[in-house]
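Colleague: All I have is the shape, not the residue letters:
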């Protein structure tokens, strides 16, 4: 009888409930990169006085990186597909907008056609949540790095495009993204069997069946993920209405 596959992703083997709080990621390459980025942010704090919001966005993105890739949350994402989904939602819905805001002056020459960026971000998210690419990412550090980079880069381009677009077009792109996120979440939620091989046994020490974990992940993507996009759409609509009121008043 063949031995079951041992999945050892970037964040390490899936931890049990008795050890996960001690499972900090001490990857020296990541550690050096974070220290260098912290020094850059510290040195740039004086120049940031003219645009403190952008500097705060970059500092928040740095802190979120520590939470997602250094803290025990990283190891927990090896155990639960639900935590992995939360991790990915944080990338595309929190870190990407922070980077789009903080880096916008340096990326002003980057072409960001709205619907191309929308399609690219959506297709990237779908590809990496298909069972085969997902399993490949959790069995290879280079593929995992590719997954994280493409998710973040495509989402950052999307939010840059939204920021630059006319309000009506930005609303349309956000609502289209909301629909695709909800559809993917629904497909994962209502799957009749576990789909993600790295998590067939990873949550069992916690007393959680793989299908239960997968369904919770789908609901997380479907509900909170979609609601976050709707909140962004409401923010765009609110700014649009305020601009219209100011124009009428003038």
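Modeller: On my side now, so go ahead. As the structure is a prediction and not an experimental result, all values here were calculated from the model.

Colleague: Now do the contacts for residue 105.
Modeller: 51, 54 (CB atoms under 8 Å, 6 or more residues apart in numbering). C-beta coordinates here come from the backbone N, C-alpha and C atoms, glycine included.

Colleague: What distance do you get for it to residue 211?
Modeller: Distance, residue 105 to residue 211, using CB to CB, to the nearest Å: 47 Å.

Colleague: So residue 110 is in contact with residue 157, correct?
Modeller: Yes: at 7.4 Å, residue 110 counts as touching residue 157 under the criterion of CB atoms under 8 Å.

Colleague: which one of the two has more residues nearby?
Modeller: Each of residue 110 and residue 157 has its neighbours counted (other CB atoms under 10 Å); residue 157 has more, 23 against 12.

Colleague: Report the separation between the more buried one and residue 99.
Modeller: Counting by CB to CB - residue 157 and residue 99 are separated by 10 Å.

Colleague: Residue 213 now?
Modeller: 29 Å.

Colleague: do the same with residue 209
Modeller: Applying CB to CB to residue 209 and residue 99 gives a distance of 36 Å.

Colleague: higher neighbour count, these two?
Modeller: Neighbours were counted for residue 209 and for residue 99 using other CB under 10 Å; residue 99 has more, 23 against 12.

Colleague: what's the burial count for the closest residue to that one other than its chain neighbours?
Modeller: Closest residue to residue 99 in three dimensions, ignoring its sequence neighbours and counting by CB to CB, 6 or more residues apart in numbering: residue 156, at 4.9 Å. When counting by other CB under 10 Å, one arrives at 26 neighbours for residue 156.

Colleague: which residues does residue 156 contact?
Modeller: 96, 99-100, 103.

Colleague: Local confidence estimate at it?
Modeller: Per-residue confidence at residue 156 stands at 97 (pLDDT).

Colleague: Ok, residue 63 next?
Modeller: 97.

Colleague: any idea how far it lies from residue 93?
Modeller: With CB to CB as the criterion, residue 63 and residue 93 are 16 Å apart.

Colleague: quick one, which of those two is more surrounded?
Modeller: Using other CB under 10 Å as the criterion, residue 63 and residue 93 rank with residue 93 on top: 19 against 12.
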